[in-house]
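> Dropping a prediction and its sequence here:
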Amino acid sequence: MAEIPSDIITLVLREAYYLRKANFSAEHQPDNPTLSSCALVNSIWKEAAQSLLFKSVVCNPSFASTILKENSVLLKHIHIIDFTTPEDKNALKEFGKLVSLALDRCPSLYEIIWRGAESFALSDTALSDIRGRDLSIRSLRIYWRDPSSDFHYRLPTCFPSLQFLSLITDTKTDFRVPVPPSDFLAGLSLFELRLSGCLDSALTTICQSQHSIQVLEIPSILNLGILETIRPHFVHLRSLRLKRFTEVERSFQEACPKLQELMVVVKGQTARLPVPLPPSLKHLLIMISWGGYGMDATSFVSSVILAVTQSNTLQSIRLRGPTWNLKGDLSALRSACEDHDVDLVVKSYASWPDEVCVKASTRCNFPRRRSISSFTLMN
């Protein structure tokens with residue numbers, strides 16, 4: 001094995017990177033156990049494997065005390081780093097220093113994942129320190145539980161080159177979520193925005209400053225008033241992901257003349273796919289809710305077949321969820337897709353796609369599946 005050329009070793013390991021089966025919470029997971037084993041073969045395999053193992057890291061105490069604080073040469077490989085804010089106010093100051101150290105010592109950093117809860121947030125001084133650095137962070141994913149301050153609104157403004165923002169909040173039913181400031185995201189030019197658990201005012205506030213968003217993921221549009229407010233700002237939208245699809249959401253997607261990708265959730269006994277689809281649509285993902293037991297499978301599949309036969313642009317359909325409920329109706333859909341040259345992929349799991357945060361292009365078009373080649377686009 002030692003005589004295998006290093007470039008061949010690199011190719012082999014790149015192929016192995018995403019071989020591990022995805023779980024229900026993520027689209028793909030790196031096969032770190034295999035890569036770790038390969039790193040033990042010899043120095044050539046070790047160098048190639050480590051460059052992949054450190055593409056994405058979790059900034060836990062072990063990593064901080066060894067790789068990070070020792071300023072290891074491995075830090076140059078890191079593209080994605082995952083922070084979790086300590087739920088101890090006495091530890092926040094030291095955590096802020098750790099974040100600053102990571103930002104200083106990871107020159108290839110592209111994406112930050114930030115997790116936290118309640119009021120355990122960095123101080124204004126720590127945020128100012130981050131904001132004052134010359135950073136080229138392109139992607140930020142914030143996962144915050146029961147936010148009691150506006151920290152999750154202020155953090156994105158620390159990264160002026162930000163293009164991808166996921167803002168996911170999980171709150172108790174009686175919890176009062178802070179209102180976003182009027183200048184939320186001002187000065188940024190986003191390509192992709194994902195919102196979940198946020199106030200409706202967050203989306204309407206964002207529209208005041210964002211006019212270039214091409215990928216939008218939201219649970220739903222609650223009413224026609226919000227629809228009329230946001231519709232003029234999304235004429236460039238190419239991908240829309242909705243967890244509810246009523247007439248309000250349908251009116252919104254009809255106002256997106258460049259839409260190439262649509263993701264929707266269907267559920268209930270009367271689940272149907274609204275047709276016709278947008279004339280520009282190429283890719284369709286349909287999530288069948290686990291609450292969809294007892295749905296009229298024949299009527300649902302018939303609505304999908306109608307969409308296939310009416311579209312001149314559709315290239316792929318992905319069905320996810322308890323697809324065994326569709327039983328024999330799937331054979332008719334497969335035949336329709338074959339007749340119209342539409343790629344059909346059916347999966348029995350219902351995980352929402354957690355796709356890579358890179359711009360859709362000829363090198364990584366919709367759907368943006370996770371692959372090792374995505375790292376070359378992270379610059």
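Yep, that arrived. Numbering: from 1, shown residues only.

> And for the helix-or-strand element of the chain with minimal mean pLDDT, what's in contact with it?
Every helix and strand of the chain was ranked by mean pLDDT, DSSP states H and E. The lowest is helix 200-207, at a mean of 77. Helix 200-207 has contacts (CB atoms under 8 Å, 6 or more residues apart in numbering) with 167, 179-182, 184-185, 193, 195, 218, 222, 226, 229-230, 233. Just so you know, the C-beta spots here come from the backbone N, C-alpha and C atoms, and that holds for glycine as well.

> Of the residues you listed, which count as buried by neighbour count?
By neighbour count, with 16 or more other CB atoms under 10 Å, the contacts of helix 200-207 hold L167, P180, F184, L185, L193, L195, I218, I226, I230, H233 as buried.

> Nearest to K347 among the residues you listed?
Using CB to CB, I218 comes nearest to K347 of the buried ones among the contacts of helix 200-207, at 23.1 Å.

> quick one on the thing from earlier: where's the dip in pLDDT among the contacts of helix 200-207?
Lowest in pLDDT among the contacts of helix 200-207 is L222, which has 72.

> Verify the assumption that it is located in a helix.
No: applying DSSP: H, G, I helix; E, B strand; the rest coil, one finds L222 to be coil, outside a helix.

> List phi and psi for it.
Note on L222: its backbone torsions stand at phi -70, psi -40 [degrees, to the nearest 10].

> before we move on, what about K282?
Taking degrees, to the nearest 10, you get phi -120, psi -30 for the backbone angles of K282.

> gap between it and V342?
Here K282 is placed at a distance of 10 Å from V342 (CB to CB, to the nearest Å).

> which neighbours do these two share?
Common neighbours of K282 and V342 (CB under 8 Å, 6+ apart) are L314, Q315, S316.

> Name the nearest of those residues relative to Q50.
Distances from Q50 to these, taken by CB to CB, are shortest for S316, at 35.6 Å.

> doesn't M263 make contact with that closest one?
No: using CB atoms under 8 Å, S316 is not in contact with M263; the gap is 11.9 Å.

> Sheet partners, orientation included, of the helix or strand containing I168?
Secondary structure assignment for I168, by DSSP states H and E: strand 164-170. Strand 164-170 pairs in its sheet with strand 139-145 (parallel), strand 192-196 (parallel), by DSSP bridges.

> rank those by pLDDT, which is bottom?
Minimum mean pLDDT among those: strand 192-196, a mean of 90.
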